[in-house]
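Everything below, folded, please.
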Amino acid sequence: MHAAKVIEDAADMAGSGVIFAPPAIDLDLLRAWKNRVVAKLTNGLKVLAKQRKVDVVQGEAKFTGPFSLEVSGTDGARRIDFKQCIIAVGSESARLPGFPTIRA
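Now for the predicted structure:
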């Protein structure tokens, strides 16, 4: 999103007399930059969770009662009982019209 905003801002400057050449995009370098940003954000969240003594569990879950879950992950299934629970379901990249879907 940031890269797209920079390109848009550069194009908007044409009306003020500052004209840039059309952008050249190196998808591999752009993807590597994006992956570094995502890794930094993800690692930051892990550190915050650890500092606050939050247990982070990854896997596919189903409620087995009003205060319990069964989570199936790479290390098998386990039951988790709780008083309060926060469920983060993750996210998926948005598809942009006109651009191919690329999995990194």
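
Select the helix or strand of the protein having the lowest average pLDDT value.
Among the secondary structure pieces of the chain, namely its helices and strands, helix 27-51 has the lowest mean (mean pLDDT, DSSP states H and E), a mean of 88.

Pull up the pairing partners for the following helix or strand past it, direction included.
Of the helices and strands lying after helix 27-51 in sequence (DSSP states H and E), the nearest is strand 60-65. Strand 60-65 has the following strand partners under DSSP bridges: strand 68-73 (antiparallel).

Could you export the partner strand as PDB, CA atoms only?
Taking only C-alpha atoms (Å, rounded to 0.1, in the frame of the first residue of the first chain), the coordinates of strand 68-73 have been written out as PDB:
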ATOM      1  CA  SER A  68     -13.500 -24.500  26.000                       C
ATOM      2  CA  LEU A  69     -11.900 -25.100  22.600                       C
ATOM      3  CA  GLU A  70     -10.300 -28.000  20.900                       C
ATOM      4  CA  VAL A  71      -7.400 -26.800  18.800                       C
ATOM      5  CA  SER A  72      -5.800 -29.000  16.100                       C
ATOM      6  CA  GLY A  73      -2.300 -27.900  15.100                       C
END
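
mind listing what's buried in that strand?
Along strand 68-73, the positions that meet the burial threshold by neighbour count (16 or more other C-beta atoms under 10 Å) are 69, 71. Backbone N, C-alpha and C define where each C-beta goes, glycine included.

okay, now residue 60: neighbour count?
For residue 60, the number of neighbouring residues by other C-beta atoms under 10 Å comes to 9.

Give me the pLDDT for it.
Note for residue 60: predicted pLDDT of 90.

Can you tell me the SS state at residue 7?
Secondary structure, DSSP: H, G, I helix; E, B strand; the rest coil: residue 7 is helix.
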